[in-house]
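Q: What follows is a predicted protein model with its sequence.
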Number of protein chains: 2
Amino acid sequence: MKRIDSVKNEHIKKWKKLKTRKGRETTGRFLVEGYHLVEEASKAKLVEYVLMTEEATPTSTLQSEDVILVTDQIMKELSETETPQGIAAVCVLPKEPEVERLEGQYLLIDRVQDPGNVGTMIRTADAAGLTGVILGEGSVDVFNSKVIRASQGSLFHLPVIKGNLEEWVGKLKNAMIPVFGTALKEASSYSALEPQAQFALIVGNEGEGVSQTLLEMADQNVYIPIHGQAESLNVAVATGILLYYFKG
Amino acid sequence: MKRIDSVKNEHIKKWKKLKTRKGRETTGRFLVEGYHLVEEASKAKLVEYVLMTEEATPTSTLQSEDVILVTDQIMKELSETETPQGIAAVCVLPKEPEVERLEGQYLLIDRVQDPGNVGTMIRTADAAGLTGVILGEGSVDVFNSKVIRASQGSLFHLPVIKGNLEEWVGKLKNAMIPVFGTALKEASSYSALEPQAQFALIVGNEGEGVSQTLLEMADQNVYIPIHGQAESLNVAVATGILLYYFKG
């Protein structure tokens, strides 16, 4: 088994840069941590190297992977969690999936900043059985370690496409898929609608919501009634309520 | 205006202890940070002192409060956020609300550990207009600063009662309020049920779900179907889907 002992090793220095978006984009690589996510990345055939400390146990899923033994100190430097599980993987960024024929059910994410929210929304879209997620410009990067963790591996289960949402809304409308924005004003209560066989739902930034341009492009805008004194719902919770309602 | 300049001041030393559950429970005080939460605590008449740095501007809501000017260094030591807003308040723990007549709609939280999840669930219960939240033993403390932040002040809007959930399920059933557990096995899809005028919904720990004892006590257990490859939904998202469905 290969082995790296020094935090100053050139590979380790290079891999530490994968913690930043720039580092990921220039090298075409990203990092995942922990047994569950390393296994999910392996199933998705994205793993280049599995990194393990002495204490970690390779699981059967990972037998065919290229394993490198590293020190606790190296794992700590690569990790973004407080108590690393002793296993991580350097992965190849997946190719953007090409959508040949646009049909099905999509979640469009407009400038959502919090990685926990974006990860949870991808997990929710996966659970709801959506066709894909379109992550608009100005949202947090999907290969950010916190997004990956909150997604619990769901980003390996369905296409997550980075794109310009205005272009995507145009394409979806051309494909006769009804596009729903989420708004507080000039909108219908979601429960006035019927479940939808095909749909695209746009959810937006934690403070500002969906952009005015996108709301104007949508076929219809919907809101979730607030019965109590809260000003709004968390965006991932709102996404769950709407996706499961539309699924029927 | 009163003023404290030293981080070694006895009050500051005492207030720093409010970051821990033990410190809050022994002194009967808790801390909130940021304009929005300080105002919410003030409206709920829980503020003992407002602490502000030179740069912070007192808002009109806070005019009647006892304000103490503190240094940036003191604010940083009391704060649990990376970029403190320069305003915080020392608050008195509210009395546990007494429930004289049990009626309405309740969320019961069984051993949920993540403060972001518990805070988001309280916010969601508020938005859904529930009567109250019962936080079971073994859940994260509701006056943990991350819970307060994620709740966005909703914990000041509806009763959040700490209690033994088995006792509460007994009381709710005696009051003829139907109790629903959430489970993966031996449960009905939630969408097979009708919206409910009165209900108690039990949601549980991120990894283990609701305890077996509580599931056995519930009138009926429900699950949310997973259509894709995700193993489960985030507990706060699941709570939102179920509460809004039950509200109808």
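A: Received it, and whenever you're ready, just let me know what you need.
Q: Near chain B, which residues of chain A are found?
A: Residues of chain A that fall close to chain B, judged by Cβ under 8 Å from any Cβ of the partner chain: A:116, A:120, A:123-130, A:150, A:152, A:154, A:157-158, A:191, A:224, A:226-234, A:236-241, A:244-245, A:247-248. C-beta here means a position set from N, CA and C on the backbone, and glycine is covered the same way.
Q: Tell me how chain A divides into domains.
A: Residue ranges for the domains of chain A, per automatic domain parsing: A:2-92, A:105-247.
Q: Quickly, which of those domains bottoms out on average pLDDT?
A: When these are compared by mean pLDDT, domain A:2-92 comes last with a mean of 93.
Q: Correct me if wrong: residue A:131 contacts residue A:108.
A: No. Look at residue A:131 against residue A:108 with Cβ atoms under 8 Å: they stay out of range, at 12.0 Å.
Q: Pick out whichever of these two has more residues nearby.
A: residue A:108 (26 against 18; other Cβ atoms under 10 Å in any protein chain shown).
Q: who's the more buried one bridged to?
A: With DSSP bridges applied, residue A:108 shows beta-bridge pairing to residue A:134, residue A:202.
Q: I'd like the distance between it and residue A:215.
A: 12 Å (Cβ to Cβ, to the nearest Å).
Q: Show me which positions of stretch A:106-126 end up buried.
A: By neighbour count on 16 or more other Cβ atoms under 10 Å in any protein chain shown, the buried set for stretch A:106-126 is A:106-112, A:114-126.
Q: swap that for stretch A:186-203, sorry
A: Buried, per 16+ other Cβ under 10 Å, within stretch A:186-203: A:187, A:190, A:191, A:193, A:196, A:198, A:199, A:200, A:201, A:202, A:203.
Q: In strands, which of the buried residues of stretch A:106-126 appear?
A: A:106, A:107, A:108, A:109, A:110 (DSSP state E).
Q: The third one against residue A:204, yeah?
A: Looking back up the chat, that one is residue A:108. No. With contacts defined as Cβ under 8 Å, residue A:108 does not count as touching residue A:204, sitting 9.1 Å away.
Q: okay, and the common contacts of the two?
A: Shared contacts of residue A:108 and residue A:204 (Cβ atoms under 8 Å, 6 or more residues apart in numbering or on different chains): residue A:214.
Q: Residue A:175 contacts residue A:104, correct?
A: No. Residue A:175 lies out of contact with residue A:104 (Cβ under 8 Å); the separation is 9.7 Å.
Q: now stretch A:202-210, how far from the chain's geometric center?
A: 16 Å (Cα atoms, centre = their mean, to the nearest Å).
Q: End to end on that stretch, go ahead and measure it.
A: Stretch A:202-210 has an end-to-end distance of 7 Å (Cα to Cα, to the nearest Å).
Q: List the buried residues for it?
A: Buried, per 16+ other Cβ under 10 Å, within stretch A:202-210: A:202, A:203, A:204, A:205, A:209, A:210.
Q: Was I right to think the second one contacts residue A:110?
A: So that's residue A:203. Yes. The pair residue A:203 / residue A:110 is scored as a contact, 6.9 Å apart, by Cβ under 8 Å.
Q: okay, and the common contacts of these two?
A: residue A:210.
Q: can you tell me which residues contact residue A:18?
A: A:24, A:27, A:29, A:30, A:31, A:90.
Q: Give me the distance between residue A:161 and residue A:201.
A: In terms of Cβ to Cβ, residue A:161 sits 15 Å off from residue A:201.
Q: same question, residue A:212
A: Taken as Cβ to Cβ, the span from residue A:212 to residue A:201 is 17 Å.
Q: Could you find the closest non-adjacent residue to residue A:168?
A: residue A:134 (5.1 Å; Cβ to Cβ, 6 or more residues apart in numbering or on different chains).
Q: out of the buried residues of stretch A:202-210, who's nearest residue A:58?
A: Comparing these against residue A:58 with Cβ to Cβ picks out residue A:203 as the nearest, at 39.2 Å.
Q: Please list all residues in contact with that closest one.
A: Applying Cβ under 8 Å, 6+ apart, the residues contacting residue A:203 are A:107, A:108, A:109, A:110, A:112, A:121, A:182, A:210, A:235, A:238, A:239, A:242.
Q: And the helices in chain A?
A: Assigned by DSSP state H, the helices in chain A fall at A:10-16, A:21-27, A:35-43, A:72-78, A:115-127, A:145-151, A:165-174, A:212-217, A:235-247.
Q: any idea which of the ones you listed is most buried?
A: helix A:115-127 (a mean of 27; mean count of other Cβ atoms under 10 Å in any protein chain shown).
Q: can you count the residues close to residue A:248?
A: For residue A:248, using other Cβ under 10 Å, the count is 9.
Q: In contact with it: list those residues for me.
A: So residue A:248 contacts A:194, A:195, A:196, B:191 (Cβ under 8 Å, 6+ apart).
Q: Farthest-apart pair in the residues you listed, please.
A: Between all members of the contacts of residue A:248, the farthest pair (by Cβ to Cβ) comes out as A:196 and B:191, at 15.2 Å.
Q: For burial, what's the neighbour tally of the closest residue to residue A:126 other than its chain neighbours?
A: Among residues not flanking residue A:126 along the chain, residue A:154 sits closest, at 3.6 Å (Cβ to Cβ, 6+ apart). Residue A:154 has 25 neighbouring residues, counting by other Cβ under 10 Å.
Q: likewise residue A:51?
A: Residue A:51, neighbours per other Cβ under 10 Å, totals 26.
Q: Any idea what it is bridged to?
A: residue A:68, residue A:88.
Q: can you put the helices of chain A in CSV and add distance to residue B:57?
A: Output for these, formatted as CSV (distance: least, Cβ to Cβ, whole Å):
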stretch, distance to residue B:57
helix A:10-16, 41
helix A:21-27, 35
helix A:35-43, 44
helix A:72-78, 42
helix A:115-127, 29
helix A:145-151, 33
helix A:165-174, 36
helix A:212-217, 30
helix A:235-247, 29
